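Undergrad: give me the fold of what follows.
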Amino acid sequence: MEIRILAENENVLLKRKEVLFQVEHDQTGSTPPRLEVKNALAKILGKDANLIFIKKLETKTGTHVAVGWANVYDSVEQAKLVEPKYIWNRNLPPEKPKEEGA
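TA: Next up, the predicted model:
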């Protein structure tokens with residue numbers, strides 16, 4: 001999986017950076033999970049993965065290239081003020097199933 005930053009925009013009003021990126025996923029074939037992309041973006045941008053919210057991640061038909069849009073905040077508090085609940089839910093790691101009888 002290879003990620004390229006296509007564009008970055010500093011949104012001073014909302015105190016965030018808006019990032020347009022491209023993911024080439026020839027090895028996996030299918031669109032990589034948001035969590036995997038989020039962690040890779042965090043390494044590239046030098047930010048904590050908890051401050052990155054992927055808004056959209058879409059693979060173009062017939063290709064192994066996905067284009068995505070992410071918001072990168074300076075603090076979790078600012079992200080809570082701006083990002084809707086459904087975006088928070090999409091960017092959380094999947095819950096592990098609870099074991100019966102435990």
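
Undergrad: switch to C-alpha atoms for all contacts and neighbour counts from now on
TA: Noted.

Undergrad: quick one, helices of the protein?
TA: 34-45, 76-82, 85-90 (DSSP state H).

Undergrad: any chance of these in CSV with mean neighbour count as columns?
TA: Below are those laid out as CSV (neighbours: other CA atoms under 10 Å):
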stretch, mean neighbour count
helix 34-45, 16
helix 76-82, 13
helix 85-90, 12
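
Undergrad: closest to residue 16 out of the ones you listed?
TA: Nearest to residue 16 among the helices of the chain is helix 76-82 (8.4 Å), distances taken as CA to CA.

Undergrad: quick one: contacts of that closest one?
TA: Contacts with helix 76-82, where a contact means CA atoms under 8 Å, 6 or more residues apart in numbering, come from 14, 15, 50, 51, 73.

Undergrad: what about the third one, neighbour count?
TA: Which is residue 50. 16 (other CA atoms under 10 Å).

Undergrad: contacting residues for it?
TA: Residue 50 sits in contact with residue 76, where contact means CA under 8 Å, 6+ apart.

Undergrad: again, but for the last one
TA: By CA under 8 Å, 6+ apart, the residues touching residue 73 are 15, 16, 17, 51, 52, 79.

Undergrad: which of those tops the neighbour count?
TA: In the contacts of residue 73, the most neighbours by other CA under 10 Å go to residue 52, 26 neighbours.

Undergrad: next one: it relative to residue 62, how far apart?
TA: 28 Å (CA to CA, to the nearest Å).
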